[in-house]
Each structure stands twice: as structure tokens, then as C-alpha cells.
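Enquirer: When you get a sec, could you give me coordinates for this:
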Amino acid sequence: MQWADALQEVRAVESAGRAGEVASVEYDSRRVRPGSAFVAMRGSTTDGNRYIDAAIAQGAVAIVTDSHEAYATLRSQYPDLAAAHVEHGRRALAELSAAVLGHPERKLAVSAVTGTNGKTTTAYLLEQMLRSVGRKTVLLGTIETRIGDEVRESPHTTPESRDTLQIFADGVAAGATEAVMEMSSHALDQERVWGIPVDVAIFTNLTQDHLDYHETMEKYAAAKARLFEGVGAAAPRVAVINLDDEYGPQMAAAFRGDTLMTYGVGHAEASYRACNVRYRAGGTSFSLDSLEDRVVITSPLIGRVNVSNLLAAMCAALARGLSIDDIAIAARNLHAVPGRFQVVAGSAEANFTVVVDYAHTDDALRNLIALARELVAEHSGRVITLFGCGGDRDRTKRPRMGRAAAEGSDLVVLTSDNPRSEDPQAILAEALVGVRETTTQCIVEPDRAAAIALAIRAARPGDIVLLAGKGHEKVQILRDATVPFDDVAVAAKVLQEGMQ
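Expert: Residues are numbered from 1 along each chain as shown. Just a heads-up that it's a prediction; the model follows:
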């Protein structure tokens, strides 16, 4: 695309210089190639304006900066280079990327999920439902990115706009017509999703998390609510809101679009309700009731939290044009999400169950433990819960997580979970405060592999062992290194050794 044409779509304060064809847009100077436009923007941890010279050295033909000083320096040192000064760097990155890529966001129907818990599962379920009727899809989420059947690594829950738009462009080239993505509160607040026209917006729930960034629950909720207002684009056409959550009405009030769909497990005021819920070893069944329809849903997914996730995905699928019969058929064949109540191979032979789950907030732990308690009740089994708290994250939730784990469990194993730059022992001490508010036995073992072995070896027939916090993650992040670590693989090895 010609620079002059691309620049027309960027809200520039001032611009100068000339450039011809722009081959790509980059915000990381290491990815700049001859013909690239480089967007230098200030972030939370670094300032891209420090890398303007590096980008030019690597062949950048145009520079967009959110710094007046950087722009003035550019005009002085590189008077012939195309340059633009913008007020908002991330907005400019989105606008320029969309223009150069041919606006792929306008060629996909985008469904976006936000919430503290359930984003990943809901997105996965919705994408499976869309695929079940032959739609070609793009999926962006915490675990992985999928373009049709191609799977890519997901370094972030919600990438920078340039990367999201490139995925969209790849999806359009592959014939996709639908995109399903998780939208984190950070991405909404930082406007990493600027200009993406969301068709269906979904809210799962809001519980305390990320207050190291948002500071208060009010700010956290306001960030989530931006999805329903529209971020640099029109408000979504449809909002799907969980009325079982106390923040549901606030999200509904923020909605500026056309159609509001609400859901809840037996919630009398919800437009779509799960009634007569039945849990069994092999899955869940319930009646999906609305003013227009009633249909029995059966699914291999287990637990109340997954009923809520199913409701969210089914409402969104209906909003995207699937019929009630389509979603009922799709529900029977849904696949569980990796790292979400994932039963570890070898559990059956051990006569107890080992489950890996991503639960990393007190609310998620309570839901996970409640489900485990239901499953062991018929044979009087125990619930053994292993968990840790992430370093360099919201410290105030640590004692609450400790209490949540201990209140529902028969034994707690407290260990490390991505301590990052913090002292693992200090993190454990803060979580232990909550555990000690109960009488539940607790074993503290900082080494996660040793802790997993300890938890599994403490199990008896009929018990369930919950390995919470990491889920699908394949690394442990320490102060001075990031090392390979997989809860599923470690647990499977311990189980195998126990059978030898």
C-alpha cells in the first residue's frame, strides 16, 4: 500500500516526508525489514521511541511516533524520511495495520469474550459450534491460535492490534468468515483491540484478579465494560451477558448495541436459562429454556461452571445464526479445553482421579473444588488441592486463594506457581495466612514437581487430586530463568512410577 494512502487512515497530529510502498507495519524494531513502517509507542515496560534509529537502520521507510520530541528529532536528523506524529500510539498502530493489510477485520464476523474466568472455555466452545455447521473460523486465545486447522502458539491472551490483524488477514486468505477471540481487560484498557468491529460480545464473570494493574475492582469492571461500548469501533450488534454474576447488570448497562441476550443457571430474569441441571460421571444435561424454545442439552463437559460456559457459547452461536437444533447437536460432541479440568492419563488405573486445571483465582478455586466435591461424594472420597500464587501479580488475592483452597479441601498442598522475580517463600507465606484461617491440613513444598508427587502419593482410592493454577502452561517462570514445566506430564510420570 502506498504510504500516502495509508496515512489518510491514521489520526496524525502532524506529518512530513515521503515514502512509496509500505510492505508491512511493525512495532518491534527487530522485525523491521526494508519497506516496513515502524510505529514507535510508549508502553508500560518500555518506550518504542528508543528504537527508532534501529528501525531506520533495518530499512524502515516511514516512522510513526507518539512522542513530539522524537518527531522533532526525526525531522532534524532524517528530513527526507516519511514521519508522522500521533497522539495515541496504539490507536495509530491499529489504524495503520488495518489499512496496510486491507482491513481484514471488516471481512470477518468477530465474537469476543471477556471475563475473569471462563474466557478460554467459552471461546473454544463457540468456535467448535461454528465449525460444526461448516463455518471456517479463526480462534485467538490464551492456549493457542487457530486458523482453520492450523495451530499457532499464543504468546498473549490478546495480542497487539498489528498481530491480531495479521491473524485475521491470514484467516481471510484461508477462507475464514468468523473470528472468535478472548479480550482481556489489559487489552481493552490499553486499546490493543482498537478499531476491531465486534459483532457479538460475551461477558462471563468478574472476580478479583489483576488488581496489580487495575488497582480497584471499579477500574477492572470499567475496563471490561469497554467491550460493550465499542473500542474505536461501533458498539457490538449483540451482547451476551451472564446475569448470575453481580457485574452482569453493569455490563448490560454499558451496552450500546441493538440486541441484549442474558443467560443464567436457573435465573428467572435471564432470557436463556439452564434448568433441571443433572450432573453425571460422563457429562452434564439440562433444559435450555427461553421464551421461544425449550431443548434438552447433553454435553460431555462436567460441572456447573461449564453449564455457564455452555450457555454463553450457545447464546453467542444463536446470535451468529445457528439454530437451537444446531447447538443441541453440537453440544453432544464438544471437546474439553486443554488444562481445564483435564483428567491425567493413568488416573483410572490408580483408582483415584488426578485433574489439571487453570484455576488461579479464589473464585475459580472454589468452583473447581465444588465440582470435585460433587464427584467424590458418592464414594466418600477426599479432595486434595495443590495450588500456588503467581509472583509479580495481585498480592491481595493470595490469602483469599489460601482460604478458598482450604475451605473445600481435605488436604492442601501449597507450592510455587510462576514466582517470577519474587521470593517463592514470601509468596507461600502470604497464601498460608488464608489457609491457617481454617483447620485443614496443609503441606508446604516450594518445589512444584516434588509437591505434585507429594499430593498424588497422598491420594487413596476414590479421592480426587486437583493440580490448580497452571493448566495448559508448559513453563515455570523463575527469577532468573524460564524452565520447561508441564503439570500434566509431571503428574503422569508420578502415576506411572506408582504403578511400577
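Enquirer: any idea how far residue 414 is from residue 389?
Expert: Applying CB to CB, to the nearest Å, the value for residue 414 to residue 389 is 9 Å. For the C-beta atoms, the positions are set from N, CA and C on the backbone; glycine is no exception.
Enquirer: what touches both of the two?
Expert: residue 431 (CB atoms under 8 Å, 6 or more residues apart in numbering).
Enquirer: Assign residue 443 to helix, strand or coil.
Expert: Using DSSP: H, G, I helix; E, B strand; the rest coil, the secondary structure recorded for residue 443 is strand.
Enquirer: Begin at 48 from now on, thanks
Expert: Okay, using 48 as the starting number, the last item reads as residue 490.
Enquirer: so how far is residue 479 from the closest residue to it other than its chain neighbours?
Expert: Leaving aside its sequence neighbours, residue 490 sits nearest to residue 460 (CB to CB, 6 or more residues apart in numbering; 5.0 Å). Using CB to CB, residue 460 is found at 12 Å from residue 479.
Enquirer: And for the residue nearest to residue 490, the neighbour number?
Expert: 28 (other CB atoms under 10 Å).
Enquirer: part of a helix, is it?
Expert: No - applying three-state DSSP, one finds residue 460 to be strand, outside a helix.
Enquirer: For it, give me its contacts.
Expert: Counted by CB under 8 Å, 6+ apart, residue 460 has contacts 431-434, 489-492, 498, 501-502, 505.
Enquirer: what about the strands in the stretch 198-347 of the chain?
Expert: In the stretch 198-347 of the chain, the strands defined using DSSP state E, counting those that start in this stretch lie at 225-229, 245-250, 285-289, 306-311, 319-327, 330-336, 341-346.
Enquirer: Residues touching the last one, excluding its own?
Expert: Strand 341-346 is touched from outside by 321, 330-335, 353, 357, 361, 371-372, 374-375, 378-379, 381, with contacts defined as CB under 8 Å, 6+ apart.
Enquirer: Can you tell me which of these are buried?
Expert: The neighbour count (16 or more other CB atoms under 10 Å) marks 321, 330-333, 335, 353, 357, 361, 371, 374-375, 378, 381 as buried among these.
Enquirer: Need the worst-confidence member of those residues.
Expert: Least confident entry in the buried ones among the contacts of strand 341-346, by pLDDT: residue 330, with 86.
Enquirer: Test my guess that it contacts residue 354.
Expert: No - if you go by CB atoms under 8 Å, residue 330 and residue 354 don't touch, sitting 10.8 Å apart.
Enquirer: which of the contacts of residue 460 are buried?
Expert: By 16+ other CB under 10 Å, those give 431-434, 489, 492, 498, 501-502, 505 as buried.
Enquirer: Greatest separation within these: which pair is it?
Expert: In these, the most distant members under the criterion CB to CB are 434 and 505, with 14.7 Å between them.
Enquirer: Show me how the chain divides into domains.
Expert: Following automatic domain parsing, one finds the domains of the chain at 50-147, 151-379, 389-546.
Enquirer: Please read off the pLDDT at the residue nearest to residue 490 from the model.
Expert: Residue 460 carries a pLDDT value of 98.
Enquirer: Any stretches of the chain with poor pLDDT?
Expert: 256-258, 260-261, 328, 547 (pLDDT under 70).
Enquirer: Recalculate using a threshold of 80.
Expert: For the chain, applying pLDDT under 80 flags the ranges 91-92, 202-204, 255-262, 327-329, 395, 425, 546-547.
Enquirer: just to revisit the earlier point, ok, of the contacts of residue 460, which one's closest to residue 177?
Expert: residue 434 (33.8 Å).
Enquirer: And the closest one, how close does it get to residue 267?
Expert: For residue 434, the distance to residue 267 - CB to CB - is 22 Å.
Enquirer: Could you list the buried residues of stretch 441-452?
Expert: Buried residues in stretch 441-452 (16+ other CB under 10 Å): 441-442, 444-452.
Enquirer: What of stretch 107-118?
Expert: 107-114, 117-118.
Enquirer: what sits up against it?
Expert: Contacts of stretch 107-118 (CB under 8 Å, 6+ apart): 50, 57, 59-61, 64, 66-67, 69, 73, 79, 81-89, 94, 96, 99, 102-103, 121, 128-136, 139-140, 143.
Enquirer: Dump it to CSV, keeping only the CA atoms.
Expert: This file holds the C-alpha atoms of stretch 107-118, laid out as CSV (Å, rounded to 0.1, in the frame of the first residue of the first chain):
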residue,chain,number,x,y,z
ALA,A,107,12.1,1.3,7.7
VAL,A,108,10.7,3.7,5.1
ALA,A,109,8.3,5.5,7.5
ILE,A,110,8.1,6.2,11.2
VAL,A,111,5.0,6.9,13.3
THR,A,112,5.7,8.2,16.8
ASP,A,113,3.6,9.2,19.8
SER,A,114,6.4,11.5,21.0
HIS,A,115,6.6,15.1,19.9
GLU,A,116,10.3,15.1,20.9
ALA,A,117,11.0,12.0,18.8
TYR,A,118,9.2,13.5,15.9
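Enquirer: hang on, the earlier thing: which of the contacts of stretch 107-118 count as buried?
Expert: 50, 57, 59, 64, 66, 69, 73, 79, 83-88, 96, 99, 102-103, 121, 128-133, 136, 139-140, 143.
Enquirer: List the buried residues for stretch 271-283?
Expert: Quick answer for stretch 271-283 (16+ other CB under 10 Å): 271-280, 282-283.
Enquirer: meant to ask about stretch 378-389
Expert: Buried-residue list, stretch 378-389, by 16+ other CB under 10 Å: 378, 381, 383-384, 386-389.
Enquirer: now these in a markdown table, with secondary structure?
Expert: Formatted as a markdown table, the buried residues of stretch 378-389 follow (three-state DSSP):
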| residue | secondary structure |
| --- | --- |
| 378 | helix |
| 381 | coil |
| 383 | coil |
| 384 | coil |
| 386 | coil |
| 387 | coil |
| 388 | coil |
| 389 | strand |
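Enquirer: And the furthest pair within the residues you listed?
Expert: Farthest pair in those, by CB to CB: 378 and 386, 21.0 Å.
Enquirer: The closest residue to residue 455 other than its chain neighbours: neighbour count?
Expert: In space, and not counting its chain neighbours, residue 455 is closest to residue 416: 3.6 Å by CB to CB, 6+ apart. For residue 416, the count of nearby residues is 24 (other CB under 10 Å).
Enquirer: before we move on, what about the one 3 residues further on?
Expert: By the measure other CB under 10 Å, the count of residues near residue 419 is 26.
Enquirer: Helix or strand: which one has it?
Expert: Remark: residue 419 resides in helix 409-423, with elements defined by DSSP states H and E.
Enquirer: Tell me which other helices or strands that helix touches.
Expert: helix 351-366, strand 400-404, strand 430-434, helix 444-455, strand 511-515 (3 or more CB pairs under 8 Å, 6 or more residues apart in numbering; DSSP states H and E).
Enquirer: can I get these in TSV with distance to residue 340?
Expert: Listed next are the helices and strands packed on helix 409-423 as TSV, based on distance: least, CB to CB, whole Å:
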stretch	distance to residue 340
helix 351-366	9
strand 400-404	32
strand 430-434	37
helix 444-455	36
strand 511-515	36
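Enquirer: ok, the residue lying closest to residue 53 once chain neighbours are set aside - contacts?
Expert: Nearest residue to residue 53, sequence neighbours excluded (CB to CB, 6+ apart): residue 146, at 4.5 Å. Contact analysis of residue 146 by CB under 8 Å, 6+ apart lists 48, 52-53, 55-57.
Enquirer: ok, so of those, who is nearest residue 221?
Expert: Among the contacts of residue 146, residue 48 lies closest to residue 221 (CB to CB), at 21.2 Å.
Enquirer: backbone phi and psi for the nearest residue to residue 49 once chain neighbours are set aside, please?
Expert: In this structure, residue 49 finds its nearest non-sequential neighbour in residue 68, 6.2 Å apart by CB to CB, 6+ apart. Main-chain dihedrals, residue 68, degrees, to the nearest 10: phi -70, psi 130.
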